[in-house]
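Asker: following is a predicted model, sequence given first.
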Amino acid sequence: MTTLTATVATTPAVRTDRTHRRLVRAASIGAAAVATTTLFGLGRAAGADMTIAVGGAAPAPFVPTEIAVATVVIGLVGWAVLALLERFSRHAHRIWVTLAVLVVGLSMAPIWMVQARTGTRVTLVCIHLAVGAALLPFLKKPA
């Protein structure tokens, strides 16, 4: 029994397009991290204490590094989901945008379930929306 294998030559244009798409997607994750860290700082400057308490636990403060790392992790997970969808679905981008909007919407629920001051809640809502705003346009089908 013999097996046939085919090799597909990738043209430089395809490689360049793929590289460009990856760079844009990576940059959008970086931009999201910068945006969320900036919003964190603006919230603190405006007087938000950036602490939350879950149940009867002592209040726990957020720190900028935590916000940036969480943003990058979420961005990378979003990119991975998109890559899988692109590989296995003809409607990858439509599905991904729907999932991303749903995740951003659902991410708002915990903000209202914890004990936090209004300034902290408003800042967290802005941070969540900034992640969506930074990632949605760039982790999609390239133009």
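Answerer: Arrived safely, thanks for sending.
Asker: ok, how many other residues are close to Gly41?
Answerer: 14 (other C-beta atoms under 10 Å). Placement of C-beta: from N, CA and C, glycine included.
Asker: Ile52 versus that one, what's the distance?
Answerer: Taking C-beta to C-beta, to the nearest Å as the measure, Gly41 and Ile52 are separated by 18 Å.
Asker: where does the protein have low pLDDT?
Answerer: Counting by pLDDT under 70, the chain contains low-confidence ranges at 1-15, 140-143.
Asker: which residues in it form helices?
Answerer: Along the chain, counting by DSSP state H, helices occupy 12-45, 64-88, 92-107, 109-113, 118-135.
Asker: closest to Gly56 out of these?
Answerer: Closest approach to Gly56 among the helices of the chain (C-beta to C-beta): helix 109-113, 13.9 Å.
Asker: and for the closest one, what's in contact with it?
Answerer: Under the contact criterion C-beta atoms under 8 Å, 6 or more residues apart in numbering, helix 109-113 has outside partners Arg121, Leu124, Val125, His128.
Asker: switch the cut-off to 7 Å
Answerer: Contact with helix 109-113 is made by Arg121, Leu124, Val125, as judged by C-beta atoms under 7 Å, 6 or more residues apart in numbering.
Asker: so who does the residue nearest to Ala92 when sequence neighbours are not counted touch?
Answerer: Sequence neighbours aside, Leu85 is the residue nearest to Ala92 in space, at 3.7 Å (criterion: C-beta to C-beta, 6 or more residues apart in numbering). Contacts for Leu85 (C-beta under 7 Å, 6+ apart) come out as Ala92, Ile95, Trp96.
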